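Asker: Could you look at this predicted model? Sequence included:
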Amino acid sequence: MSTRIQQIELASALPKRLLDFFRKYPPPALTQGLSAPATPSPDQDAVASTTSLTGLNATMIESPATQPAPVAYNNPFQPTKHYRSGRWHSPVYGLRRQAEMVKLAEKHGVVSLLPYTIKLPGERAKRREERGLRVKGTGVGERVKGKLWERTLKGRLEERRQAMLDMPRLIQEWKQKGHGRGWKKWPK
């Protein structure tokens, strides 16, 4: 009983926008415990139409044979596929409105009641862990194309390092050949 009172107090503290959202799209965690209204069979419609004097409605007549239908839950934050045409329909709430709704729910502490969206806190980090950085060249064995000077930089630095290591031999050779007279630019 006390949890019911706490839920009512929490609901009265929520802003109208969140209340309207939860009224239109009740959280699946809360609706799983409730049973769906029973659908009448064609025989019951005939009985309801003949008993118009009593004022009974066809939906009010229930028989023990009817089973509650499972409640189908469409996430308003996800695109849906039309069951007949196969075409995709955009989500009811766009990304901007999803982010606003999540921020509002976070402020009031009811984020766990919202349906799945990529705007939920921690969702971006979770997706980054699953998919990786997704930048070309950052994976194992991949290279970023880069500019020409970036691609050839390692080779040029290696040539310079080799030339510096070879410098004492080049200086000796230069001195032996007459300080530049007869010095050939490219030794063979």
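Answerer: That came through fine. Given the structure is predicted, the values throughout are model-derived calculations rather than measurements.
Asker: all helices of this structure, in order?
Answerer: Ranges of helices within the chain are 2-13, 16-24, 28-31, 42-50, 95-108, 123-131, 148-176, based on DSSP state H.
Asker: among those helices, which is the most enclosed?
Answerer: Among these, the stretch with the highest mean neighbour count (mean count of other C-beta atoms under 10 Å) is helix 95-108, at a mean of 15. Bear in mind the C-beta positions are built from the backbone N, C-alpha and C, glycine included.
Asker: So what touches it?
Answerer: 13-15, 17-18, 21, 77, 91, 93, 111, 113-114, 117-121 (C-beta atoms under 8 Å, 6 or more residues apart in numbering).
Asker: domain ranges for this protein?
Answerer: 15-36+76-145, 149-188 (automatic domain parsing).
Asker: Measure how far stretch 103-114 is from the centre of its chain, please.
Answerer: Taking C-alpha atoms, centre = their mean, to the nearest Å, one finds stretch 103-114 lying 17 Å from the centre of the chain it belongs to.
Asker: Please pull out the lowest mean pLDDT helix or strand from this structure.
Answerer: Sorting the helices and strands of the chain by mean pLDDT, DSSP states H and E puts helix 42-50 at the bottom, at a mean of 41.
Asker: related to what we said a few turns ago, so which of the contacts of helix 95-108 sit within strands?
Answerer: Using DSSP state E, no member of the contacts of helix 95-108 falls in strands.
Asker: which residues does the spatially most central residue of the chain contact?
Answerer: The residue lying closest to the centre of the chain (C-alpha atoms, centre = their mean) is I118, at 3.1 Å. I118 makes contacts with L95, Q98, R124, R127, as judged by C-beta under 8 Å, 6+ apart.
Asker: okay if I get those as CSV plus distance to I171?
Answerer: As requested, the contacts of I118 are exported to CSV (distance: C-beta to C-beta, whole Å):
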residue, distance to I171
L95, 67
Q98, 71
R124, 59
R127, 59
